[in-house]
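Novice: Sequence first, then the predicted structure:
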Amino acid sequence: MRFFKKLFLGTDYIPDRKVYKYSMLRVQFNLMFIASALFYFGLDYYNGINTFLPFYCFILAMGVVGLALNRFRYYSLSNGFIIVFSNVIVFLFADSDSLFGGVFFYFIGSSLASLILFGFERRRWGISAVLISILIGMVAFNYDFNLLPTPPYDDPSIRVSFLVNFIAGTLSCALIVYFLINENHHSEKKLEQNQQQLISAADELRQNKERFEMAIKGAKAGIYEWNLKDNSIFISEYWKELLGYSKDELDPITIETFISFIHPENSKASYQAIQKVMVTHEPYQSEIRLQTKQGAYKWFLDSGLVRTDNETNTSYVLGSLINIDDRKNAEHEIVLKNNQLEKLNEELDRFVYSASHDMRAPLSSLLGLIDLSERTEQVEDLRIYHRMMKDRVKVMEGFIKEVTDYSRNTRLELSLGKHQLALLVNGVVDNLAYALVNKKMQVRVDINPGLVISTDASRLKIVLNNLISNAYKYQRHSIENPFIAIQASLSDNLLVVHIEDNGLGIDKEHHQKIFDMFYRASENAEGSGLGLYIVKETLEKLGGSISVQSELGVGSTFSFSLPNMN
């Protein structure tokens, strides 16, 4: 079998089945020409008829030519050769043969061969060839051109010729029909195989789709596809959901719409990243803030890759969007905590140094006074030493209180409650007036008794106590009317308190530094330098702030604000 394939086809394997089948059909047609020529050659020779012997040799040679054209893969030329040659040969025999010789059967075979060889793609040519076969058959039936000499057949020869032509014509038609049946059978088998492959592919596609959807859901990613040709961006339902939109909204969007979602601080960098992707065609990944439907901005991880066309131009950008807002907020919190930790470490170093100094001074004085009291027996001297010891203890007590206030502010959480501000202020004033006796000092509290503030009362008392006690300490007692004026107002849920005095005042060069830890505006300043620092830290804990207006020798006004924490 391989020998005959190589002989007639030039190869033992043709990968394209359709090409193979048509090649074999052309081989069969040409072999029919050769077989017919040999048969009639032998028949006429047997009957002593020599008229057509050269013509049979010509048909035999043409069959060999047809085989050669097919073997060397001149398929289209071979098709035309078979159709034209078969019609010409049948016409010549039909014109010269008896009407009852059965040659006209071959016109049916030629017509079917034309339809098969031209195929469905060139069916018009096939139909035209069929019509030509019918036409020349009608011409041969109705007119005698005598192009070939009429053979001297008797009745038995005509009967044999009819039978042979009938059998040969029927076999050629059956061969063609068998080819069609065989081709249809293999096509159906191929379709069944393709159908099974399609079913398997569909199942695999469905499974892959389910896996993909599960992976996307697990990753909580929204998918998008940007088609650069029409500047349209397909976005998945979950992409819309990430930004707070329903599945019926944002369909479709453009790159301009997408950029409008980006936070102004990220838009320039995002635009540059897009331009870079267009040039490099490399996968990309960036963290951006996008505006949700509610107006808030959230952090997202934007990742994707590029698909190019035949000219290596970017045609599609496929990407995903993942919500990383919680992670970014956590990172921000970590940064804040680190900054706070650095600040605390720095303050701790300063605190240890200053605290040891401030604690050592009164302790040294106290030890010295104890030593002096042990050496004297005078009652008056002992009274003086004891009073001085008490002052040093009070200094240490005040310092310990400040340290305690600072520790509580940094360590304890807020304890909110509703409080009448006038009662809080008057309570602090009364305590200080008892501790710091000064009958000449006039304290004016101008606060609406009905003003209620929601805040942490203990922290607010620390702020009031430090500011009012400073107004007491740094008052000019030599003037006629020393005073402290306290005012407060609540507007738009923001409490503003002013504490004014006409005391010593503070030089402008110290205004920005007096809230630093252990800062003293002068060597004669009382206290540890922690008081105003504690005030600032406490207000920050409450979400507020403080400022000062002061002139040396005229007085000071400390103003602080804090939110009404409803």
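Specialist: Sure, I can see it. Numbers count the residues shown, from 1 in each chain.

Novice: and Ser86, how many residues sit next to it?
Specialist: 26 (other C-beta atoms under 10 Å). C-beta: built from backbone N, CA, C; applies to glycine.

Novice: I meant Asn481, not that one.
Specialist: Burial measure for Asn481: 8 neighbouring residues, criterion other C-beta under 10 Å.

Novice: Look up phi and psi at it.
Specialist: Main-chain torsions, Asn481, degrees, to the nearest 10: phi -130, psi 70.

Novice: so it makes contact with Arg444?
Specialist: No. Asn481 is not in contact with Arg444 according to C-beta atoms under 8 Å; the separation is 11.1 Å.

Novice: what's the average pLDDT for stretch 28-48?
Specialist: Averaging pLDDT along stretch 28-48 gives 80.

Novice: what distance separates whatever helix or strand Ser489 lives in from the centre of its chain?
Specialist: In this structure, Ser489 sits in strand 483-491 according to DSSP states H and E. Relative to its chain's centre, strand 483-491 lies at 56 Å (C-alpha atoms, centre = their mean, to the nearest Å).

Novice: residues of it that come out buried?
Specialist: Neighbour counts using 16 or more other C-beta atoms under 10 Å place 483-486, 488, 490 of strand 483-491 among the buried residues.

Novice: can those residues go into JSON lines with extra columns for pLDDT and distance to Pro252?
Specialist: Listed next are the buried residues of strand 483-491 as JSON lines, based on pLDDT from 0 to 100; distance: C-beta to C-beta, whole Å:
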{"residue": "Phe483", "pLDDT": "90", "distance to Pro252": "72"}
{"residue": "Ile484", "pLDDT": "91", "distance to Pro252": "68"}
{"residue": "Ala485", "pLDDT": "92", "distance to Pro252": "66"}
{"residue": "Ile486", "pLDDT": "93", "distance to Pro252": "63"}
{"residue": "Ala488", "pLDDT": "92", "distance to Pro252": "57"}
{"residue": "Leu490", "pLDDT": "89", "distance to Pro252": "51"}
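
Novice: just to revisit the earlier point, immediately after the strand holding Ser489, which helix or strand?
Specialist: Toward the C-terminus, strand 483-491 is succeeded by strand 494-501 as the next helix or strand (DSSP H and E).

Novice: how many other residues sit next to Leu228?
Specialist: Neighbour count for Leu228, taken as other C-beta under 10 Å: 17.

Novice: I meant to write Asn431 there.
Specialist: When counting by other C-beta under 10 Å, one arrives at 14 neighbours for Asn431.

Novice: ok, now Leu494?
Specialist: For Leu494, the count of nearby residues is 13 (other C-beta under 10 Å).

Novice: go on, the one 3 residues further on?
Specialist: Residue neighbour count, defined by other C-beta under 10 Å, stands at 24 for Val497.

Novice: what does Lys473 give?
Specialist: For Lys473, using other C-beta under 10 Å, the count is 15.

Novice: Repeat that for Ile59.
Specialist: 20.

Novice: who touches the closest residue to Trp125 other than its chain neighbours in this structure?
Specialist: Distances taken as C-beta to C-beta, 6 or more residues apart in numbering put Phe118 closest to Trp125, at 4.6 Å, once the chain neighbours are dropped. Residues near Phe118 by C-beta atoms under 8 Å, 6 or more residues apart in numbering: 79, 83, 125-126, 129.

Novice: same deal with Asn30?
Specialist: Residues counted as contacts of Asn30 (C-beta under 8 Å, 6+ apart) are 63-64, 66-67, 70, 82.

Novice: Derive a PyMOL selection command for the buried subset of these.
Specialist: The following PyMOL line selects those of these that are buried, judged by 16+ other C-beta under 10 Å:
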select buried, resi 63+66+67+70+82
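
Novice: Now, the contacts of Asn30 that are in helices?
Specialist: Using DSSP state H, the members of those that fall in helices are 63-64, 66-67, 70, 82.

Novice: what helices or strands is the host helix or strand of Asn470 leaning on?
Specialist: Using DSSP H and E, Asn470 sits in helix 457-473. In terms of contacts (3 or more C-beta pairs under 8 Å, 6 or more residues apart in numbering; DSSP states H and E), helix 457-473 is packed against helix 379-411, strand 417-420, helix 421-435, strand 483-491, strand 494-501, helix 531-541, strand 555-563.

Novice: out of these, which comes closest to Leu92?
Specialist: Nearest to Leu92 among those is strand 555-563; the distance by C-beta to C-beta comes to 113.6 Å.

Novice: mean confidence score for the helix holding Asn470?
Specialist: Across helix 457-473, pLDDT averages out at 85.

Novice: Go ahead and produce PDB holding the CA coordinates of it.
Specialist: Below are the C-alpha coordinates for helix 457-473, written out as PDB (Å, rounded to 0.1, in the frame of the first residue of the first chain):
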ATOM      1  CA  ALA A 457     -12.900  65.800  82.900                       C
ATOM      2  CA  SER A 458      -9.700  64.700  84.600                       C
ATOM      3  CA  ARG A 459      -7.500  65.700  81.700                       C
ATOM      4  CA  LEU A 460      -9.400  69.000  81.300                       C
ATOM      5  CA  LYS A 461      -8.700  69.700  85.000                       C
ATOM      6  CA  ILE A 462      -5.000  69.100  84.400                       C
ATOM      7  CA  VAL A 463      -5.000  71.700  81.600                       C
ATOM      8  CA  LEU A 464      -7.000  74.300  83.700                       C
ATOM      9  CA  ASN A 465      -4.900  73.600  86.900                       C
ATOM     10  CA  ASN A 466      -1.600  74.200  85.100                       C
ATOM     11  CA  LEU A 467      -2.700  77.400  83.300                       C
ATOM     12  CA  ILE A 468      -4.400  79.000  86.200                       C
ATOM     13  CA  SER A 469      -1.700  78.100  88.700                       C
ATOM     14  CA  ASN A 470       0.900  79.700  86.300                       C
ATOM     15  CA  ALA A 471      -1.300  82.800  86.200                       C
ATOM     16  CA  TYR A 472      -1.000  82.800  90.000                       C
ATOM     17  CA  LYS A 473       2.700  82.100  90.200                       C
END
